[in-house]
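J.: could you look at this predicted model? Sequence included:
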Amino acid sequence: MLDITNVKSDFPILNQKMNGQRLVYLDNAATTQKPKKVIETITEYYEKYNANTHRGIYQLSEKATALYEDSREKARAFIGAEKTQEIIFTRGTTESINLVAYSWGRKNIEAGDEILLTEMEHHSNIVPWQLLAKEKGAVLKYIPVDKNGKLNLDNIDQYFTKKTKLVALIHVSNVLGIVNPVKEIITKAHANGVLVLLDGAQSTPHMPINVKELDCDFFAFSGHKMLGPTGVGVLYVKEGILEEIPPFLSGGNMIREVTLVETIFEDLPMRFEAGTMPIAQVIGFGAAIDYLKLIGMENIWQHEQELVNYALAKIRAISGVTVYGPEEVVERSGVVSFSIEGIHPHDIASILDEAGVAIRAGHHCAQPLLRALGTEATVRASFYIYNDQKDVDQLVEAINQSIRTLR
């Protein structure tokens, strides 16, 4: 078990009250809070060595460059990639997926080709492929979900044809917390000569990740969902694939030589990092990785399993509540989505806010999934390393109060 008291003390934002109540932050699937070490690391950059990277031949720039590249090595090790050349810094998962759609997709997708998604996807892993499909005349296909929100994989072969070029799917659902059997899907895809992109935004912060063992071709995740700052994310791409695709953005920093008629691009991964990158954010992201490694990803995953099962039991016991997702006990990240009969989720969120509980209400950027589950919006409580059973108890008490108030 984690020492939650000590963990909580590392997060300054949690040491405050909302409406006279202890702040219980339960919107971690949207973004996580930042420990003092991350905040101090970013402040130190601006106070002591603020300079552009990879360009200046002076001490400030050299230190900023060294720490920037140190964060790349930390990201590589954190997800088990083989080479730092396979690690590209982006603004987040959304930009990472768009990079793949633009650079790889526009080169490799042709009219009639098929891209396989799932009904569970975040909009960030649907919209870029819709745009690409319209541009190229390609076809989008979807693996459906069952009534509990699990992917229908009883006959996985039916989803692949000779025209399937890519599978792009979410590793862990941001609505249901379901951990998809991605290894099985990747193995099947590769047997059919199909590449696989994993949206790891909701898995990387919560469980150990090893992209070499998964054998995915692309893997995207965001720093701000794992204690890091906003504005920084990572795209992992197998080196052989990355060598063959054109840059996403062009300009300074990603070039080796420019003449009036042509450009020679930098080596990997620099050719995919045009312009001034989010240097402070990348360095702060490295500090977040250090913090997570100190706690241990196995410990974080075990803590979430215990906490989410405690929360599920408490919330399911409330009269009139519908909890979405599998009823059986399964491994799932710390996410519980639910609705209350006769009460709109936004009204529930408002009452919970008055009780000091911050949760998300709405479609969670996953409208196709919610419609497949027969609803347009839910209340979502999502947990992380600084949450404990007391937070769940305060949530449940606030839910009961909302029911008494709104009925």
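T.: Received, thanks. Residues are numbered from 1 along each chain as shown.

J.: tell me the SS of the residue lying farthest from the centre of the chain?
T.: Going by CA atoms, centre = their mean, the residue of the chain most distant from its centre is residue 260, 40.7 Å out. What DSSP: H, G, I helix; E, B strand; the rest coil gives for residue 260 is coil.

J.: how about the helices in this structure?
T.: Assigned by DSSP state H, the helices in the chain fall at 4-9, 36-48, 59-79, 93-99, 106-108, 127-136, 182-191, 211-214, 239-242, 279-295, 297-316, 345-354, 367-372, 389-406.

J.: make TSV out of the ones you listed and add distance to residue 380 and mean pLDDT.
T.: The way it works is simple: take the backbone N, C-alpha and C, and place the C-beta from them, glycine included. Putting those into TSV (distance: least, CB to CB, whole Å; pLDDT from 0 to 100) gives the following:
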stretch	distance to residue 380	mean pLDDT
helix 4-9	21	94
helix 36-48	24	98
helix 59-79	26	98
helix 93-99	18	98
helix 106-108	34	98
helix 127-136	21	98
helix 182-191	22	98
helix 211-214	26	98
helix 239-242	34	97
helix 279-295	22	98
helix 297-316	11	96
helix 345-354	9	97
helix 367-372	11	98
helix 389-406	11	96
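
J.: mean neighbour count for these - can I get that in a markdown table?
T.: Shown next, in a markdown table, are these (neighbours: other CB atoms under 10 Å):
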| stretch | mean neighbour count |
| --- | --- |
| helix 4-9 | 14 |
| helix 36-48 | 16 |
| helix 59-79 | 18 |
| helix 93-99 | 24 |
| helix 106-108 | 13 |
| helix 127-136 | 17 |
| helix 182-191 | 17 |
| helix 211-214 | 16 |
| helix 239-242 | 15 |
| helix 279-295 | 22 |
| helix 297-316 | 18 |
| helix 345-354 | 18 |
| helix 367-372 | 18 |
| helix 389-406 | 17 |
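
J.: residue 173 is nearest to which of those?
T.: Among the helices of the chain, helix 367-372 comes nearest to residue 173, with 7.4 Å by CB to CB.

J.: test my guess that residue 93 contacts residue 198.
T.: No: in this structure, residue 93 is not within contact of residue 198 by CB atoms under 8 Å, at 10.3 Å.

J.: and for those two, which residues touch both?
T.: residue 220 (CB atoms under 8 Å, 6 or more residues apart in numbering).

J.: of all the helices of the chain, which one is nearest residue 162?
T.: Nearest to residue 162 among these is helix 182-191 (13.0 Å), distances taken as CB to CB.

J.: list the helices and strands the closest one packs on?
T.: In terms of contacts (3 or more CB pairs under 8 Å, 6 or more residues apart in numbering; DSSP states H and E), helix 182-191 is packed against strand 164-170, strand 195-199, helix 211-214.

J.: Throw the helices of the chain into JSON lines and include distance to residue 173, thanks.
T.: JSON lines is the format used below for the helices of the chain (distance: least, CB to CB, whole Å):
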{"stretch": "helix 4-9", "distance to residue 173": "25"}
{"stretch": "helix 36-48", "distance to residue 173": "26"}
{"stretch": "helix 59-79", "distance to residue 173": "20"}
{"stretch": "helix 93-99", "distance to residue 173": "14"}
{"stretch": "helix 106-108", "distance to residue 173": "27"}
{"stretch": "helix 127-136", "distance to residue 173": "17"}
{"stretch": "helix 182-191", "distance to residue 173": "12"}
{"stretch": "helix 211-214", "distance to residue 173": "17"}
{"stretch": "helix 239-242", "distance to residue 173": "26"}
{"stretch": "helix 279-295", "distance to residue 173": "21"}
{"stretch": "helix 297-316", "distance to residue 173": "13"}
{"stretch": "helix 345-354", "distance to residue 173": "17"}
{"stretch": "helix 367-372", "distance to residue 173": "7"}
{"stretch": "helix 389-406", "distance to residue 173": "20"}
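
J.: minimum distance to residue 266: which of those helices has it?
T.: Using CB to CB, those put helix 239-242 closest to residue 266, at 12.5 Å.

J.: may I have that closest one exported as PDB, CA atoms only?
T.: This file holds the C-alpha atoms of helix 239-242, laid out as PDB (Å, rounded to 0.1, in the frame of the first residue of the first chain):
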ATOM      1  CA  GLU A 239      12.800   3.300 -35.900                       C
ATOM      2  CA  GLY A 240      12.400   1.600 -39.300                       C
ATOM      3  CA  ILE A 241       8.900   3.200 -39.800                       C
ATOM      4  CA  LEU A 242      10.100   6.600 -38.600                       C
END
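
J.: settle this for me: residue 372 is touching residue 119, isn't it.
T.: Yes: with contacts counted by CB under 8 Å, residue 372 reaches residue 119, the gap being 5.0 Å.

J.: returning to that earlier point: quick check on the residue farthest from the centre of the chain: phi, psi?
T.: phi -70, psi -10 (degrees, to the nearest 10).

J.: per-residue confidence at it?
T.: Looking at residue 260, its pLDDT is 96.

J.: tell me how far it lies from residue 24.
T.: 60 Å (CB to CB, to the nearest Å).
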